[in-house]
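**Student:** Starting from these lines, generate the structure:
(chains A, B and C)
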Amino acid sequence: MADVTSSRQGTQTEDKPQIDMNMVAIAMHRRSRRLGLYFWIPMIWLVIVAVACIFAPFWGLPPADEIDWVYIQSPPVEGHPLGTDNLGRDLLSRIVWGGRVSLTVGFAAPFIGVGLGLILGLIAGYYRGWADEVIGILIDAWLAIPGLVVLLLFSVVFGGSLFMVCVSLGLLFIPTAARITRAATLNYAGREFVLAAKAMGASDFRIMRKEIFPNIIWPLIAFILIDIPIAIVIEGALSFLGLSVKAPTPSWGGIIAEGREVLSTYPHIAMYPTLVMFVTVLSFNLVGDAIRRRLADVREGAI
Amino acid sequence: MRYLLYRLRRLAIVLGVVTFITFLLVNVLPGDVAYEMAGMDSTEEEVQEIREELGLNRPVLIRYVEWVGGVFTGDWGTSYINKENVWDAVTDRFPVSFELMLLAQILALSMAIPAGMASAFRPNGRADRIIGALAFASVSMPSFMTAILLIFVFALGLGWLPATGYEPLSTGLWANLKPMILPALSLALVEWTILMRTLRVEMISVLQENYIALARAKGMSNLRILWVHALRPSSFSMITLLGLQVARLLGGTIIIEQIFGIPGIGRLLIHAVYTRDFIVIQGCVTFFALAFVTANFLVDVAYAWLDPRVRTGGSHG
Amino acid sequence: MHMGEIILDVRDQRTSFATARGMLAAVDGVSFTLQRGRTLGVVGESGSGKSVLSRSIMRLLPGNAVVPGGSRVILNGRDLTRLSEAELRRLRGPEMAIVFQDPMTSLNPVLSIGRQIMEVLMFHLGMKKRAARARAIELLTAVGLPQPDVRVDQYPHQLSGGMRQRVAIAIAIACEPDLLIADEPTTALDVTVQAEILDLLQRMVRERNMAMILITHDMGVVAGRCDDVAVMYAGRIVEQAPVRDLFRNTRMPYTAALLASIPKVTDPPHRKLDAIDGRPPDLINPPPGCPFAPRCKLADADCDQGKPMLEGPAGHLFACIRPLGQETAA
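**Tutor:** The predicted structure follows:
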């Protein structure tokens, strides 16, 4: 990217051999394309978190809802590496079990949302006309209700099962996913290969599945990558309000909310889950960003 | 003008759909308000009686039409729980939330504009990288987390600002602002990143424009080029986003008002949800949607101010 | 302020860009001087480095540009390559100014044209707002914009291309610069407007006794309006001469090819123009010899041995070892 505004234009250099500058320029360019430490370090953290959560039952942690009457609101001690919470429950165990909820929602919700958005976007973009108009209005309406309000209503109406949390969170991703799909579909629906398939008598469903879908899948994958950390954050907010999964099941937002009540006396109860959640979300963002840039490079047909 | 009319019509339809969806949602709530009102050990007859009294046993569609009629005549219904007039309840609390959101947007913009400019000025330069890293950290931190950290540092740690509470404006500007700073900052620290990134991307391309090269050839300083020549043409996407963000911000205020104990519309809504006071829920959501729609209409108006081509109705360029 | 005073002295200007494939030498050792009151035409195909040259003189290069230490641009006796950005800023406007190719994109769409002229006057000459506005209207009158007192408050999109270019010229001459660079000022305009703008530029140069560099790809533009012509190819000047000399006694085959591509009034209609075969060389890996050799009909094996120097008798310089008109040369 040419940097037109740089104030030190045209660095004056003493005459160096030209070939040197050539190599430097090429090497700089190569380096900018590699997945760097900003990808691998967060990736390692994510793997650690994922392994810790998936195999939670095997670590010999005390059960997440077991109260240790000896240590209540305790800082880290023997047997409780991160201390205990308000009720004397092991904080590490609660964070690990809470992570299962966060990760499940983080992965499930974007897939549900993008799946439904894909269908709506395909229909709107492929058939146009009144279907497009109706879907457009529905999406605008959906966007006009704050996401958290939708979730509030859903959590009250359908109760706090993990499944419903995933579904209702997934609904939030529909509008954007549908818009992206619609725009991409519009772009491809008029192309020669689609017309050719039509001319050969392929059904609409087949055209959407075989001709259009493979072409629009990349922006949607990039979109899912952005949505995973967002889903985790929103689930955190919901459980912070006590409207995610029901009470005894730990979740990150829930632990933070409980810790908030004793923030002045036992800050560690809120700070540990906050730190874990922050680092995890940050890692998802960094990894997603690196992959997204990679995808863009591949699609642009660069080296 | 015709464009604005089209936008208005579309927004009206959107409002209709929003209110109807909400109406449907709150009316399929299991354990409706009648149970709540009748008390724990009431008989089915008593519940039924209350339903009839409230008119809850009639078809949803009819009740919706009635409710819409009420909205247009200023009758938004009365709370089932405390008999408070919904319109009064909402308009009482809205200014508080509005102040919070306005402060948050101002704070977010005052962070996003200089940061976006500094980033766009030399893409991939040192400032850009530092700001990018900050943005990444910031966006990975949901507002409730930021709120807790801010409370921990500035209220509990340093004791500079109160952790909770609200003072009406009548007690003085600073007294009113003081407890609002941390809540607004919690919201702004999430919102600024999106604004910053949008501005950065658009400004990078604007800075490649010939008129920027000409401004430089005229001997204008970098600062003047950024503020006078590049900012306005670069801020169209950011302004659009400002409108769309109102929905996110409204969602954010719900949590933030809860954490900081601010008596705004978010608290009203959460309370109504917990008590299944659905006429209040309906009122709040309608008001949210109205606010969102108004904000986006204002964005359309702001375009005209930003771009003389829209204002003077010119066609080329 | 007399004729003959040297305004601009460019010595061995080299400008390269760091690109993904390596260093691209856009301007490759250009030297010339320019006197007050004179106009130098710089002619070349697109990609010949003439626009980069103009930006190198103004020191308005993008961040990936590299200028080696030996290059000098001396304006009014001051070496621009030694000045800081802040010092350069004070010269842009009062001492040197530029008019860009495309008036559609070179004026800021969100600022009124009055403001775009006034800010130069206020910044460089310290004028107050009211005085600057009055002066802006005068300038607009001078460049022949109709209804200047109305136009001053209008926005660029309300003006036609030719009018916008007049505004751009008004901006350029606002601080009475000594050097005016016009970078393809008429390329983006309708043919009917082109001559008017060129006449305007010529008049401004004469009235204000400036020096002008007129950059163009069109030999026809150069013919009546320049004192000297420099033909550029692959980042170098390949022929430089007073305009008459260049047309009458063309030495460099590339110049001849450019001249042949101008349609003549005497041509029968629909005559196919002599386009130059082949393409300009890759500036990242330039050929070892004369850069024009691969496209030149007169080239032989010697032309691939080293780049020819720009030299020649009596003010007519050319970089060619197999020049045209050999028999008439002294």
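**Student:** tell me, how many neighbours does the residue in the stretch 201-317 of chain B that chain A sits nearest to end up with?
**Tutor:** Using C-beta to the nearest C-beta, the single residue of the stretch 201-317 of chain B nearest to chain A is B:Gly251, 3.6 Å away. For the C-beta atoms, the positions are set from N, CA and C on the backbone; glycine is no exception. Burial of B:Gly251 is recorded as 24 neighbouring residues (other C-beta atoms under 10 Å in any protein chain shown).
**Student:** what's the helix or strand for it?
**Tutor:** Counting by DSSP states H and E, the element that carries B:Gly251 is helix B:236-260.
**Student:** so what's the residue of the stretch 201-317 of chain B closest to chain A up against?
**Tutor:** Contacts were defined as C-beta atoms under 8 Å, 6 or more residues apart in numbering or on different chains; by that measure B:Gly251 touches A:146-149.
**Student:** Tell me the residues of chain C that contact chain B?
**Tutor:** Within chain C, the positions adjacent to chain B are C:58, C:60, C:63, C:88-94, C:97-98, C:100, C:102, C:104-112, C:119-120, C:123-124, C:155-158, C:168, C:171 by C-beta under 8 Å from any C-beta of the partner chain.
**Student:** quick one, longest helix in the chain?
**Tutor:** Here I'm looking at chain A. helix A:91-127 (DSSP state H).
**Student:** actually it's chain B I care about, not the one you picked
**Tutor:** For chain B, the helix reaching the highest residue count under DSSP H is reported as helix B:86-121.
**Student:** any idea of the pLDDT on the residue of the stretch 201-317 of chain B closest to chain A?
**Tutor:** Turning to B:Gly251, the model gives it a pLDDT of 81.
**Student:** can you list the residues of the stretch 51-200 of chain B near chain C?
**Tutor:** Checking the stretch 51-200 of chain B against chain C by C-beta under 8 Å from any C-beta, the hits are B:Arg122.
**Student:** Where does the prediction get shaky in the stretch 51-200 of chain B?
**Tutor:** Scanning the stretch 51-200 of chain B for pLDDT under 70 picks out the ranges B:51, B:54-57.
**Student:** so where do the helices sit in it?
**Tutor:** In the stretch 51-200 of chain B, the segments counted as helices under DSSP state H, counting those that start in this stretch are B:60-72, B:86-121, B:126-139, B:143-150, B:173-206.
**Student:** picking that back up, I would like a PyMOL command selecting only the buried ones among the residues of chain C next to chain B, please.
**Tutor:** To isolate in PyMOL the members of the residues of chain C next to chain B that are buried, counting by 16 or more other C-beta atoms under 10 Å in any protein chain shown, one can use:
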select buried, chain C and resi 58+60+63+88+89+91+92+93+94+97+98+100+102+104+105+106+107+108+109+110+111+112+119+120+123+124+155+156+157+158+168+171
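**Student:** Please list which of the residues of chain C next to chain B also come close to chain A.
**Tutor:** Residues shared between the residues of chain C next to chain B and the neighbourhood of chain A are C:60, C:63 [C-beta under 8 Å from any C-beta].
**Student:** Out of the residues of chain C next to chain B, list just those in strands.
**Tutor:** Among those, the members found in strands (DSSP state E) are C:97-98.
**Student:** contacting residues around the nearest residue in space to A:Ala177 that is not next to it in sequence?
**Tutor:** Sequence neighbours aside, A:Gly117 is the residue nearest to A:Ala177 in space, at 2.6 Å (criterion: C-beta to C-beta, 6 or more residues apart in numbering or on different chains). By C-beta under 8 Å, 6+ apart, the residues touching A:Gly117 are A:173-181.
**Student:** go with 6 Å
**Tutor:** In this structure, A:Gly117 makes contact with A:174, A:177-178, judged by C-beta atoms under 6 Å, 6 or more residues apart in numbering or on different chains.
**Student:** how about the helices in the stretch 151-300 of chain A?
**Tutor:** Taking DSSP H, counting those that start in this stretch as the criterion, the stretch 151-300 of chain A carries its helices at A:162-189, A:192-199, A:204-206, A:213-240, A:252-260, A:267-299.
**Student:** Tell me how many other residues crowd residue 175.
**Tutor:** Picked chain A for this. A:Pro175 sits with 21 neighbouring residues when counted by other C-beta under 10 Å.
**Student:** try again with chain C
**Tutor:** 20.
**Student:** cool, the one 10 residues further on as well?
**Tutor:** Burial measure for C:Pro185: 28 neighbouring residues, criterion other C-beta under 10 Å.
**Student:** Would you quantify the distance from it to C:Leu40?
**Tutor:** For C:Pro185, the distance to C:Leu40 under the criterion C-beta to C-beta, to the nearest Å works out to 14 Å.
**Student:** Close to chain A: what parts of chain B are there?
**Tutor:** On the criterion C-beta under 6 Å from any C-beta of the partner chain, chain A has as its neighbours in chain B the residues B:13-14, B:17-18, B:25, B:29, B:121-123, B:136, B:140-142, B:144-145, B:148, B:152, B:156, B:207-208, B:222, B:247, B:250-251, B:254-255, B:273, B:285, B:288-289, B:292.
**Student:** I would like a ChimeraX command selecting only the buried ones among the residues you listed, please.
**Tutor:** Those of these that meet the burial criterion (16+ other C-beta under 10 Å) are gathered into one ChimeraX selection, given here:
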select /B:14,17,18,25,29,121,122,123,136,140,141,142,144,145,148,152,207,222,247,250,251,254,255,273,285,288,289,292
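**Student:** Let me know the angle separating the helix holding B:Gly251 from helix B:86-121.
**Tutor:** Between the axis of helix B:236-260 and that of helix B:86-121 there is an angle of 130 degrees, by axes from the mean of the first three to the mean of the last three C-alpha atoms, to 10 degrees.
**Student:** Using CSV, write out every CA atom in the helix or strand just after helix B:236-260.
**Tutor:** Next in sequence after helix B:236-260, counting helices and strands by DSSP H and E, comes helix B:265-275. Only the C-alpha atoms of helix B:265-275 are listed here, as CSV (Å, rounded to 0.1, in the frame of the first residue of the first chain):
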residue,chain,number,x,y,z
ILE,B,265,-34.6,2.3,30.5
GLY,B,266,-32.4,-0.8,30.6
ARG,B,267,-33.1,-1.4,34.2
LEU,B,268,-36.8,-0.9,33.6
LEU,B,269,-36.7,-3.5,30.9
ILE,B,270,-34.7,-6.1,32.9
HIS,B,271,-37.1,-5.6,35.8
ALA,B,272,-40.1,-6.1,33.5
VAL,B,273,-38.5,-9.2,32.1
TYR,B,274,-38.0,-10.7,35.5
THR,B,275,-41.5,-9.9,36.5
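**Student:** Could you tell me which residues within helix B:265-275 count as buried?
**Tutor:** Along helix B:265-275, the positions that meet the burial threshold by neighbour count (16+ other C-beta under 10 Å) are B:265-273, B:275.
**Student:** what's downstream of it, the next helix or strand?
**Tutor:** Moving toward the C-terminus from helix B:265-275, the next element (DSSP H and E) is helix B:278-306.
**Student:** buried stuff in that next one?
**Tutor:** B:278-293, B:295-296, B:299-300, B:302-303, B:306.
**Student:** For the nearest residue to B:Ile204 once chain neighbours are set aside, give me its contacts.
**Tutor:** With C-beta to C-beta, 6+ apart as the measure, B:Ala120 is the residue that lies nearest to B:Ile204, at 4.8 Å, once sequence neighbours are left out. Listed by C-beta under 6 Å, 6+ apart, the contact set of B:Ala120 reads B:200, B:203-204.
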